[in-house]
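**Student:** Below is the sequence, then the predicted model.
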Amino acid sequence: MKFTLENQYLNGVVELMQRMPLAGYQSMARTRFIRVLKNPVQELADANKDLLNEFGQKDSDGEPVIEDGNYKLKPDKIQAYRDSYEKLMNESAEIDKGTYTRHKEDVQDILKHCDLKLSGNEATIYAALCDALDVNFDEKEGK
């Protein structure tokens, strides 16, 4: 399966797919799809951690300063971090991982028949995933 998806949608896609009530073969297709996203999600987390280490404050041992679970940024580097983070999130992940021959079509079918009520960010994430996977809602069933 090969497609591109903006980094800003990666985590949301995993959460959305996990929320879909599926059974049997569709559930298996979803699980495999989430596995396909595992590496890009981890690479994004690692890249963000690198940015936080670059722009964050360090303690006397050279370790990042973390307060209330958040990295403390250097005051003069906050805007540089924000700019870099925005650029990172707007980059597209190129996802190219072999699974099985009809996997893309199976995920397209799951998305076409999604019964979840979506709004806000979740609706935006759904639309981005449908665009990335070329889901055709005009296509007639059985063709």
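**Tutor:** Looks like it arrived, so ask away. In this text the structure is predicted, and so the values were computed from the model without any measurement.
**Student:** going forward, measure contacts between C-alpha atoms and count neighbours the same way
**Tutor:** Noted.
**Student:** in this protein, which helix has the most residues?
**Tutor:** The residue-count maximum for a helix in the chain (DSSP state H) belongs to helix 24-55.
**Student:** All the helices of this structure, in order from the start?
**Tutor:** For the chain, the helices defined by DSSP H cover 7-19, 24-55, 78-90, 103-112, 120-132.
**Student:** what's in contact with the last one?
**Tutor:** Yep, that's helix 120-132 we're talking about. Phe3, Thr4, Leu5, Tyr9, Gly12, Val13, Leu16, Gln108, Leu111 (C-alpha atoms under 8 Å, 6 or more residues apart in numbering).
**Student:** got JSON lines for these, with distance to Glu63 and pLDDT too?
**Tutor:** Listed next are the contacts of helix 120-132 as JSON lines, based on distance: C-alpha to C-alpha, whole Å; pLDDT from 0 to 100:
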{"residue": "Phe3", "distance to Glu63": "37", "pLDDT": "97"}
{"residue": "Thr4", "distance to Glu63": "35", "pLDDT": "98"}
{"residue": "Leu5", "distance to Glu63": "33", "pLDDT": "98"}
{"residue": "Tyr9", "distance to Glu63": "30", "pLDDT": "99"}
{"residue": "Gly12", "distance to Glu63": "30", "pLDDT": "98"}
{"residue": "Val13", "distance to Glu63": "32", "pLDDT": "98"}
{"residue": "Leu16", "distance to Glu63": "35", "pLDDT": "98"}
{"residue": "Gln108", "distance to Glu63": "44", "pLDDT": "97"}
{"residue": "Leu111", "distance to Glu63": "43", "pLDDT": "98"}
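**Student:** Weed out the non-buried ones from these.
**Tutor:** Buried by 16 or more other C-alpha atoms under 10 Å: Phe3, Thr4, Leu5, Tyr9, Gly12, Val13, Gln108, Leu111, out of the contacts of helix 120-132.
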